[in-house]
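S.K.: here's my sequence, what's the structure:
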Amino acid sequence: MVTSRGTVQGYNGQALVDSKKQVIVYGEAFGDSQDHYHVPPMLDGAKENMSRVGYDKDCFEGKILTADSHYHSSTNLKKCNEEKLDAYIPDKDFRKRDPILKTKTLVNPKAKRKFAVNNFQHNEAKDEYICHAGKTLKLFLKKVRLCNVIYRRYAADKNDCQGCQLKSRCLIQKKAKRRFVSVPLVGTCDNLTKPMIEKIDSKHGRQVYNRRIGIVEPVFANVRTQKRMDCFTLRGKTKVNIQWLLYCMVHNIGKIANYGANYGAA
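M.R.: Model prediction:
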């Protein structure tokens with residue numbers, strides 16, 4: 001798994017949490033650091049748990065589900081649609097579009113934002129893009145599909161970028177040798193990103209999504225800090241999953257001790 005501390009042998013503990021008292025409805029440990037495919041197994045597991053205590057198989061229909069941008073993928077969004085959930089899963093550029101950021105100054109006044117697609121001028125006659133330094137980005141790929149959106153990709157010359165004074169503001173990664181610009185053309189028939197962006201960018205959508213951090217993050221803080229389970233001590237998915245579920249159970253027992261067993265779930 002790739003983490004902030006480098007690549008490690010480890011597992012990704014997942015938890016689906018109810019919004020009323022932060023009870024873990026379902027938990028599972030995965031051997032994958034990316035969350036792009038975790039919503040389907042988490043929802044299926046939660047539905048199985050709910051059915052065991054007398055709930056119908058469609059008990060999640062119409063319920064709100066929030067997850068951070070790491071879960072934004074066609075697989076996860078499609079599963080939410082199939083389950084008829086009112087899902088709020090933002091894309092990775094969600095914060096950049098926040099209107100509040102437009103009125104705030106940067107923490108570091110010397111820091112400058114990277115050039116975006118709209119900072120490049122399009123020469124329609126030659127179908128090329130011109131950067132701030134006056135260099136040309138020529139057509140690199142006519143069509144490329146990312147997250148169910150079809151893009152047209154343009155690329156600059158390596159020599160132009162390496163000797164450019166604006167390189168620090170233009171190249172996305174420090175080790176990049178040249179700049180690419182991907183221009184969205186159209187969403188495919190199964191594109192779920194665009195309607196989710198429109199939904200999450202609405203005033204209501206931002207209000208709903210902002211509740212997420214107060215619902216699920218305290219659960220992981222409790223398990224990791226108060227219960228002192230900051231890392232798994234076993235090997236193999238079966239053993240690690242048992243260890244993770246034991247800590248989830250201890251967390252839930254604490255909720256029962258504080259609130260009782262029959263308060264209901266939101």
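S.K.: mind listing the helices for this structure?
M.R.: 39-52, 74-82, 99-103, 158-162, 167-170, 193-200, 203-209, 212-221, 237-259 (DSSP state H).
S.K.: could you check the angle helix 74-82 makes with the first one?
M.R.: Relative orientation of helix 39-52 with respect to helix 74-82: 30 degrees, computed using axes from the mean of the first three to the mean of the last three CA atoms, to 10 degrees.
S.K.: ok, and what's touching helix 39-52?
M.R.: 14, 16, 25-26, 28, 30, 57, 59-60, 67, 71, 75-76, 79-80, 83, 85 (CB atoms under 8 Å, 6 or more residues apart in numbering). All C-beta spots, glycine's among them, are computed from the backbone N, C-alpha and C.
S.K.: His72 is in contact with Ala87, isn't it?
M.R.: No. Here His72 lies out of contact with Ala87, judged by CB atoms under 8 Å, at a distance of 10.1 Å.
S.K.: shared neighbours, these two?
M.R.: Listed as contacting both His72 and Ala87 by CB under 8 Å, 6+ apart are Met196.
S.K.: hmm, back to that, rank the helices of the chain by mean pLDDT and give me the bottom one.
M.R.: Least confident of those, judged by mean pLDDT, is helix 99-103 with a mean of 65.
S.K.: how does the protein divide up, domain by domain?
M.R.: The chain breaks down into these domains under automatic domain parsing: 2-94+201-259, 107-187.
S.K.: start to end distance for the first one?
M.R.: The distance separating the two terminal residues of domain 2-94+201-259, taken as CA to CA, to the nearest Å, comes to 38 Å.
S.K.: so what's the residue count around Lys142?
M.R.: 11 (other CB atoms under 10 Å).
S.K.: give the contact list for it.
M.R.: Each residue near Lys142 by CB under 8 Å, 6+ apart is listed here: Arg152.
S.K.: returning to that earlier point: looking at the helices of the chain, spot the one closest to Gly10.
M.R.: The closest of these to Gly10 is helix 237-259. By CB to CB, the value is 8.7 Å.
S.K.: so the closest one versus helix 212-221, what angle?
M.R.: Using the same axes, to 10 degrees, helix 237-259 lies at 110 degrees relative to helix 212-221.
S.K.: and helix 237-259, what's buried?
M.R.: 240-241, 243-245, 247-248, 251-252, 255 (16 or more other CB atoms under 10 Å).
S.K.: of these, closest to Val2?
M.R.: Val240 (17.7 Å).
S.K.: my read is that that closest one contacts Ala29, right?
M.R.: Yes. Look at Val240 against Ala29 with CB under 8 Å: they come within range, at 4.8 Å.
S.K.: which residues do the two both contact?
M.R.: Common neighbours of Val240 and Ala29 (criterion: CB under 8 Å, 6+ apart): 11, 232.
S.K.: could you export stretch 78-98 as CSV, CA atoms only?
M.R.: This file holds the C-alpha atoms of stretch 78-98, laid out as CSV (Å, rounded to 0.1, in the frame of the first residue of the first chain):
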residue,chain,number,x,y,z
LYS,A,78,-22.9,3.1,-10.4
LYS,A,79,-23.4,1.0,-7.2
CYS,A,80,-25.0,3.9,-5.5
ASN,A,81,-27.4,4.4,-8.4
GLU,A,82,-28.3,0.7,-8.4
GLU,A,83,-29.1,0.8,-4.7
LYS,A,84,-31.1,4.1,-5.2
LEU,A,85,-29.0,5.9,-2.7
ASP,A,86,-28.9,9.7,-2.3
ALA,A,87,-25.1,9.7,-2.6
TYR,A,88,-22.7,12.6,-2.3
ILE,A,89,-19.2,11.6,-3.4
PRO,A,90,-17.2,14.6,-4.7
ASP,A,91,-14.5,14.5,-7.4
LYS,A,92,-10.9,15.4,-6.6
ASP,A,93,-11.3,19.0,-7.8
PHE,A,94,-14.3,19.6,-5.5
ARG,A,95,-12.4,22.0,-3.1
LYS,A,96,-11.0,24.0,-6.0
ARG,A,97,-14.5,25.0,-7.0
ASP,A,98,-15.6,26.0,-3.5
